[in-house]
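1. Output the structure for:
(chains A and B)
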There are 2 protein chains.
Amino acid sequence: MASLVRSATLRFLKPLGNLTLNDAFNHPRTQTRSVRAFSTTLSPPSKAVVYEQHGPPDRVTRRVIQLPPVEVKENDVCVKMLAAPINPSDINRIEGVYPVRPQVPAVGGYEGVGEVQSVGSAVKGLLPGDLVIPSPPSFGTWQTHIVKDQSVWYKINKNSPLEYAATITVNPLTALRMLEDFVTLNKGDAIVQNGATSIVGQCIIQLAHHRGIHNINIIRDRTGSDEVKEKLKNLGADEVFTESQLEVKNVKGLLSGIPEPALGFNCVGGNAASLVLKFLGRGGTMVTYGGMSKKPITVSTSSFIFKDLSLRGFWLQNWMSTEKAKECRVLIDSLLDLAREGKLKYEMELVPFDNFNAALDKALGKQGSQPKQVINFQL
Amino acid sequence: MASLVRSATLRFLKPLGNLTLNDAFNHPRTQTRSVRAFSTTLSPPSKAVVYEQHGPPDRVTRRVIQLPPVEVKENDVCVKMLAAPINPSDINRIEGVYPVRPQVPAVGGYEGVGEVQSVGSAVKGLLPGDLVIPSPPSFGTWQTHIVKDQSVWYKINKNSPLEYAATITVNPLTALRMLEDFVTLNKGDAIVQNGATSIVGQCIIQLAHHRGIHNINIIRDRTGSDEVKEKLKNLGADEVFTESQLEVKNVKGLLSGIPEPALGFNCVGGNAASLVLKFLGRGGTMVTYGGMSKKPITVSTSSFIFKDLSLRGFWLQNWMSTEKAKECRVLIDSLLDLAREGKLKYEMELVPFDNFNAALDKALGKQGSQPKQVINFQL
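-> Numbering: from 1, shown residues only, chains lettered A, B, ... in the order given. Take a look at the predicted model:
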């Protein structure tokens, strides 16, 4: 076994130049060159989507690589991954446009769900067979086996639907925090958002609806927008407008029985952001969490002075670094409960790992609007 | 006397159409048509800058009108105005571009200082000869005599320099509140602002300097900018840059020994606002209180998400309507103390009331940058 590891290591080192295996795994503990005694527990080899440099994801992540086994130390847990999504932020990280650039070579992916395969001797509270997610999310979920310290893993309800367990943090938790952290909303209040068809957008609709909060939604003009409206209304949307429908002097005149929203969400920028601002009532807050149009946000002086609007931003990764993140796991449980009860849903497409490249192309938008792509490592 | 009032009223009503004298005075109490007994105290007639419709101030306020005496009721105070400034917000109000449009015909002006001339029988705490300001500021200070309820008037230190007493609220109080209300600043922290030569800008420099807060200032490119820099540095500015000096990749590289500012002020918009945003540190706040360039504020998505910037607005008139405004008068005293001690100063030009039109032209910027124009009713 020891010699197998060694030779695997050496074979693997070659294509990555003079970088060690550790870098590829983002696994700083393992010094595979000094192989331990035969009693050491090793992970199975792992198949992983590795990128060796930042750049366009469809160029730099084309290869699925076989990574050699690594040691499972006393505090480590070896997890066999079951499912992991391709999120826009995963793409940004690979592109290197995120402020936190993973050290390359790196394994892609940031959230997912897996089953505990083996545990180190000092691990408490986790057993083989447990369903776990990395919480807070962390690098390298696009691989079949991950070995990380027990503190990384959070055991979730075994009855959680896999695709929701794999995707519950990055998008649904963003929606939940943004509804909670900026403005105190009471039943009967209203929010407005653009990019309403995004996963976060769909979660906002449902979470707001459950709380009796009216929600006004803005979507792009495209063929099939009537079906999209219908779909969002079925999730709990009160109003859905295309951008062109809002080319009127007084957008608020389009609302009936909904108060002026105190909170708005923007994941698009440009005109779609201006529309959110137009809906907001005096003293309202717009939270930006994405910029899908790649256009900046333009605001009039009077919006700030006379309308007293506040513009803020939300980034889950930043939230995770704050004190508030302590409650992260409790919130995950509540979101998974909703998913299990069918009260939180969004469209996903489960894709075999072998079809990763096709899934990535879809996630990159090469085939127009597509459901969230989720790698299923079991298919 | 009674018949004099009546005839004055009728004479005055003519040019104003079917509006009553009350409207012109913004003086809702007086029902001059039912004239009281001879014992009634009357104000002297008042010379006032009246506008009968909204529009360009140099067109609609050309006339100084003689207003007839009004009754000084038991809770009223008649004040002989001594000085009143022409502020940009006064101009906006006349233009009708302010969200709160004074009912026309109206007397211009919003702050000023005067001397108590006579008081109604139920007035307490104010005596003829007292120096008073309308606090919070209120409509109609561009006239020689004002009659308003005693609650309007605040008695200030008799040794206050007149031109500072006349201008202490709208600009200096804005500077003070903006330094206090958005970010907790400690000695050694830093702020950044554009429009640093404005009166608010100059007050921010001085108030920050007194508190040991570094201040970074951005001014327009124009001839004489070296003298302007020198002047601002004499007030306590740490750094002064013209916009063109900041056309560099890393504006923060221009600073030495000054921490990244947590708070910025914008009264210009456009590029000058973007420069304030560039200086701000992670999590910083930019407060907009003016839009001199008439250009909007453009912000990148990443400023909100990754840099966690907040954009807010400040409007003193709104602040005055909140609970916080209770402390307004105490703050005015502290600002007047600073002015008396020479620790708060800004350039002003005192102009005789008869030269109002020339002063207005200067305030409108027709002669380039000019000191703040302050009407002196005694000249």
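
2. Going by C-alpha atoms from here, please, whenever you check contacts or count neighbours.
-> Fine.

3. pLDDT of stretch A:258-277, averaged?
-> Averaged across stretch A:258-277, pLDDT comes to 98.

4. actually stretch A:367-379, not the one I wrote
-> 93.

5. Could you pick out the residues of the stretch 51-200 of chain A near chain B for me?
-> A:Pro99 (CA under 8 Å from any CA of the partner chain).

6. neighbours of A:Ile216, just the number please.
-> 24 (other CA atoms under 10 Å in any protein chain shown).

7. and A:Leu82, how far is that from B:Gln143?
-> Separation of A:Leu82 from B:Gln143 (CA to CA, to the nearest Å) stands at 79 Å.

8. Where do the strands of the stretch 151-300 of chain A begin and end?
-> A:153-155, A:190-193, A:214-219, A:239-242, A:263-266, A:285-288, A:297-299 (DSSP state E, counting those that start in this stretch).

9. Any chance of TSV for those strands, columns distance to A:Ser43?
-> Listed next are the strands of the stretch 151-300 of chain A as TSV, based on distance: least, CA to CA, whole Å:
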stretch	distance to A:Ser43
strand A:153-155	16
strand A:190-193	45
strand A:214-219	46
strand A:239-242	49
strand A:263-266	43
strand A:285-288	41
strand A:297-299	48
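
10. Point out the most buried one among those.
-> strand A:263-266 (a mean of 30; mean count of other CA atoms under 10 Å in any protein chain shown).

11. does chain B sit close to that one?
-> No. Applying CA under 8 Å from any CA, one finds strand A:263-266 separated from chain B by no less than 9.4 Å.

12. contacts for that strand?
-> A:182-183, A:190-195, A:272-273, A:276-277, A:280, A:284-291 (CA atoms under 8 Å, 6 or more residues apart in numbering or on different chains).

13. Kindly provide the whole-number mean pLDDT of stretch A:286-306.
-> Averaging pLDDT along stretch A:286-306 yields 97.

14. Do it and chain B come into contact?
-> Yes. On the criterion CA under 8 Å from any CA, stretch A:286-306 is in touch with chain B at A:288-291, A:294-301, A:303-306.

15. ok, which pair from those is furthest apart?
-> Among the residues of stretch A:286-306 next to chain B, the pair separated by the greatest distance (CA to CA) is A:Lys294 and A:Phe306, at 28.1 Å.

16. before we move on, the earlier item: compare A:Leu82 and B:Gln143 and say which is more crowded by neighbours.
-> B:Gln143 (28 against 25).

17. ok, now which ones touch the more buried one?
-> Taking CA under 8 Å, 6+ apart, one finds B:Ser46, B:Lys47, B:Ala48, B:Val49, B:Met81, B:Val107 in contact with B:Gln143.

18. got a list of what whatever residue of the stretch 1-150 of chain A ends up closest to chain B touches?
-> At 6.9 Å from chain B, A:Pro99 is the closest residue in the stretch 1-150 of chain A, using CA to the nearest CA. Contact partners of A:Pro99, counting by CA under 8 Å, 6+ apart, are B:Phe306.

19. Would you mind listing where chain A has pLDDT under the threshold?
-> By pLDDT under 70, the weakly predicted segments of chain A are A:1-39.

20. What are the boundaries of the helices in it?
-> Applying DSSP state H to chain A gives helices spanning A:2-13, A:21-25, A:57-60, A:88-95, A:162-167, A:174-181, A:199-210, A:225-235, A:270-279, A:301-305, A:316-319, A:328-340, A:356-363.

21. Show me which residues of the third one are buried.
-> When burial is assessed from 16 or more other CA atoms under 10 Å in any protein chain shown, helix A:57-60 yields the following buried residues: A:Pro57, A:Asp58, A:Val60.

22. what comes into contact with that helix?
-> A:Tyr51, A:Glu52, A:Gln53, A:His54, A:Ile91, A:Ile94, A:Glu95, A:Asn357, A:Leu360, A:Asp361.

23. Any chance of a ChimeraX selection covering the buried ones in the residues you listed?
-> Per 16+ other CA under 10 Å, the buried members of those correspond to this ChimeraX selection:
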select /A:51,52,53,54,91,94,95,357,360
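
24. Among the contacts of B:Gln143, name the ones in strands.
-> Among those, DSSP state E puts B:Ser46, B:Lys47, B:Ala48, B:Val49, B:Met81, B:Val107 in strands.

25. Any chance of CSV for the residues you listed, columns distance to chain A and neighbour count?
-> CSV is the format used below for the ones in strands among the contacts of B:Gln143 (distance: CA to the nearest CA, whole Å; neighbours: other CA atoms under 10 Å in any protein chain shown):
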residue, distance to chain A, neighbour count
B:Ser46, 33, 22
B:Lys47, 32, 18
B:Ala48, 28, 26
B:Val49, 26, 25
B:Met81, 29, 27
B:Val107, 22, 27
